[in-house]
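**Student:** Generate coordinates for the sequence data below:
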Amino acid sequence: QVQLVESGGGFVQAGGSLRLSCAASGLIFSVYDMAWYRQAPGKQRELVASITGSLSTNYADPEKGRFTISRDNAKNTVFLQMNSLKPEDTAVYYCSAEIKVTRFSSIMDYWGQGTQVTVSA
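**Tutor:** Take a look at the predicted model:
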């Protein structure tokens, strides 16, 4: 079984920083794109940033310049450095990963359980 476990969420004042981590573990042959999403209360889940296996990155417009996504391919881990946090960044943050569990299996999407980020004004 594949597990994605997030960590690093918490409570921070506006203007502060947090670094989220997400490690994929279990039966893994290869990890492809990894991404961070977030879901605020009453809103749909939205993409924050994504990164390919070759380290190409993509950001949603509000996060450009404030957030940085990175990954450690050797450890199947993705990170999200969040700076200059705003109250509107408050949400549950989820990581996702496209993973093949064997050489011949299909690529499937896996999700973490989410980590709460709360930014106070």
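**Student:** what about the strands in the protein?
**Tutor:** For the chain, strands defined by DSSP state E occupy the ranges 2-7, 10-13, 18-26, 30-39, 46-51, 57-59, 67-72, 77-82, 91-100, 108-111, 115-120.
**Student:** Flag every buried residue along the fifth one.
**Tutor:** Judged by neighbour count (16 or more other Cβ atoms under 10 Å), strand 46-51 contains these buried residues: 48-51. Every C-beta, even on glycine, is put in place using the N, C-alpha and C of the backbone.
**Student:** Model confidence for Y32, exactly?
**Tutor:** Model confidence at Y32, expressed as pLDDT, equals 97.
**Student:** who does the residue nearest the centre of the chain bridge with?
**Tutor:** Most central in the chain under Cα atoms, centre = their mean is W36, positioned 2.7 Å from the mean C-alpha point. Per DSSP bridges, the residues bridged to W36 are A49, C95.
**Student:** what does A24 give?
**Tutor:** With DSSP bridges applied, the residues forming beta bridges to A24 are L4.
**Student:** Check the gap between it and D61 for me.
**Tutor:** Remark: distance between A24 and D61 (Cβ to Cβ, to the nearest Å) = 27 Å.
**Student:** Who has more neighbours out of the two?
**Tutor:** The residue with the greater number of neighbours, taking A24 and D61 and applying other Cβ atoms under 10 Å, is A24; the counts read 21 against 6.
**Student:** any idea how far E88 is from that one?
**Tutor:** According to Cβ to Cβ, A24 stands 29 Å off from E88.
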